[in-house]
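Undergrad: test case, fold it:
(one chain, ligands or ions: 1)
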Amino acid sequence: MSLEKVIEGRTPLLVPEARTESGPGKKQGRVFYNHQMAFNRDVSVMFFAHPEMRIGRALDAMAATGARAVRIMNEARPQTEFHINDWEPEAYDVIRQNIALNELEGCVARNEDLRCLLAKEKFDYIDLDPFGTPVPFLHPAIQALRRNGVLAITATDTAPLAGTHAKKCVRRYQARPLRCVFGHEAGLRILIGYVARQAAMFDRGVEPLLCFYADHYMRLYLRMPETAESADLTLEKLGYLRFDRETHERETSKDWSKGASGPFWLGSIHDPAFVKGLNLIEGLAQPNRCKKYLDLWQNEIDVPYFYENNELSSEIGCSPLKLERLLEGMAEIGKVSKTHFSPTGFKSDQPYAKVRERYIQMHEGR
Ligand SMILES: C[S@@+](CC[C@H](N)C(=O)[O-])C[C@H]1O[C@@H](n2cnc3c(N)ncnc32)[C@H](O)[C@@H]1O
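TA: Alright, predicted model coming up:
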């Protein structure tokens, strides 16, 4: 396999010459690298550079070239022993070369099926980055996480989660998805809810530090305390969502009733104090995008769905309002914010009927 040197962020990396150039990435050859995921790895670098993040023993369980962990160790410089694993022997070889190229101490290349590795060893941080769904790897990862450890998960199976393949979502996540304007947020909440239900089986809770949707994937950073109380508290944050296609009203409930979708995670998707402490560090691969998302995450209000500007304009039969003007006007009736899920969406703590009424008033210049 021929390799070439690229620079991602501040890190030189050896990656296969033949590789994925766009989209979620398909496997091409035996070692995978997708430079479109550089933003996802930028966020990992910021995560490890967080002033309150102390992780002793970490595992990049599905590392391919090792790009994520090698960048974290080179750019965030945490006091962490990072195990960088892939079951493909050729990937293991590239991981070793990337550790050497960056002259990193504290990195250990591994070449195992992650399920075997996780049956033997425990970690404070485990990163799962599969092709598609993380479901087959969740139980081993949850059980191998040390008390209060962090589980990071990427899921690229957004079509089932967001309701395009509803039956697959029911089979895989045992949850009924919602195909609607806020379907990607609903999908992210199905994924967190699913992890929470699996964690509870092992007396573990789930505390989202940062969870987001971008491009073609969902990404979760979850702290997982290990007590029965935290598992019980976590389960209390699950519930159902109903979207009325006639009235556009969204409604949450603790219990299932006919026509409701879920179960969903209805708690916060970010820890506000943690997200406030995330800093834009020097030399990231996509600094402007990171700055934009940091701002969105730090200001996003805690409501489990959002509204779309053109949902309102086309339902009312008028032209869409300018987003900044819309936010100003909606602030007069309640809490409002932009949302990272959609550049044309917004969150409000008010019901659709109130938002609609205010939208019409704004159109009339009030
Ligand atoms: C999407 S790629 C990971 C990309 C990588 N994290 C990055 O940022 O470039 C998924 C990787 O998981 C590896 N993998 C799949 N199943 C595995 C298993 N059971 N144990 C270890 N590695 C596995 C594959 O060989 C592949 O390299």
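Undergrad: tabulate the CA atom coordinates of stretch 168-178 in PDB.
TA: C-alpha atoms of stretch 168-178 as PDB (Å, rounded to 0.1, in the frame of the first residue of the first chain):
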ATOM      1  CA  LYS A 168     -33.900  -0.500  10.700                       C
ATOM      2  CA  CYS A 169     -34.000   2.100  13.500                       C
ATOM      3  CA  VAL A 170     -36.600   0.000  15.400                       C
ATOM      4  CA  ARG A 171     -34.500  -3.200  14.900                       C
ATOM      5  CA  ARG A 172     -31.100  -1.600  15.700                       C
ATOM      6  CA  TYR A 173     -32.000   1.000  18.400                       C
ATOM      7  CA  GLN A 174     -35.400  -0.400  19.600                       C
ATOM      8  CA  ALA A 175     -36.800   3.100  19.100                       C
ATOM      9  CA  ARG A 176     -39.300   4.600  16.700                       C
ATOM     10  CA  PRO A 177     -37.600   7.500  14.800                       C
ATOM     11  CA  LEU A 178     -39.200  10.800  13.700                       C
END
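Undergrad: residues of the helix ranked longest in the chain that come out buried?
TA: Criterion DSSP state H: the longest helix present in the chain is helix 183-201. By 16 or more other CB atoms under 10 Å, the buried positions in helix 183-201 come out as 183-200. Backbone N, C-alpha and C define where each C-beta goes, glycine included.
Undergrad: show me where the stretch 101-250 of the chain has helices.
TA: 114-120, 135-144, 158-161, 166-173, 183-201, 228-235 (DSSP state H, counting those that start in this stretch).
Undergrad: helices and strands around the fourth one, which ones?
TA: Under the contact criterion of 3 or more CB pairs under 8 Å, 6 or more residues apart in numbering; DSSP states H and E, the helices and strands touching helix 166-173 comprise helix 158-161, helix 183-201.
Undergrad: which secondary structure element is home to the residue of the stretch 1-150 of the chain found nearest the ligand?
TA: Nearest residue of the stretch 1-150 of the chain to the ligand, counting by CB to the nearest ligand atom: M62, 3.1 Å away. Under DSSP states H and E, no helix or strand contains M62.
Undergrad: report the separation between it and L14.
TA: 18 Å (CB to CB, to the nearest Å).
Undergrad: same check, this time on S313
TA: Distance from S313 to L14, by CB to CB: 50 Å.
Undergrad: just L209 next, same as before
TA: L209 sits 31 Å away from L14, going by CB to CB.
Undergrad: more crowded one of S313 and L14?
TA: Neighbour count, other CB atoms under 10 Å: between S313 and L14, L14 has more, with 21 against 16.
Undergrad: quick one: contacts for the more buried one?
TA: For L14, the contacting residues are L3, E4, K5, T65, V94, Q97, N98, L101, by CB atoms under 8 Å, 6 or more residues apart in numbering.
Undergrad: the same query, at a cut-off of 10 Å, please.
TA: Counting by CB atoms under 10 Å, 6 or more residues apart in numbering, L14 touches 3-6, 31, 33, 65-67, 70, 93-95, 97-98, 100-101.
Undergrad: check which helix or strand it maps to.
TA: strand 11-16.
Undergrad: for that strand, buried residues please.
TA: T11, L13, L14, V15, P16.
Undergrad: tell me the centre residue of this protein?
TA: R219 (1.8 Å; CA atoms, centre = their mean).
Undergrad: is the longest strand seen in the chain positioned near the ligand?
TA: Among the elements of the chain assigned as strand by DSSP state E, the one spanning the most residues is strand 145-155. No: in terms of CB under 6 Å from any ligand atom, no part of strand 145-155 sits within range of the ligand; the closest distance is 7.6 Å.
Undergrad: centre of the chain versus that strand, how much separation?
TA: Centre-to-centre, strand 145-155 and its host chain are 12 Å apart (CA atoms, centre = their mean, to the nearest Å).
Undergrad: up against the ligand, what does the stretch 1-150 of the chain have?
TA: Within the stretch 1-150 of the chain, the residues that sit near the ligand (CB under 6 Å from any ligand atom) are 32-33, 37, 41, 62-65, 67-68, 85-88, 91, 113-115, 129-131.
Undergrad: now, of these, which are buried?
TA: Among these, those classed as buried by 16+ other CB under 10 Å are 32-33, 37, 41, 62-65, 67-68, 85-88, 91, 114, 129-130.
Undergrad: what about these, which are in strands?
TA: The members of those that map onto strands under DSSP E are N85.
Undergrad: which residue, other than its chain neighbours, is closest to A196?
TA: Nearest residue to A196, sequence neighbours excluded (CB to CB, 6 or more residues apart in numbering): V206, at 4.3 Å.
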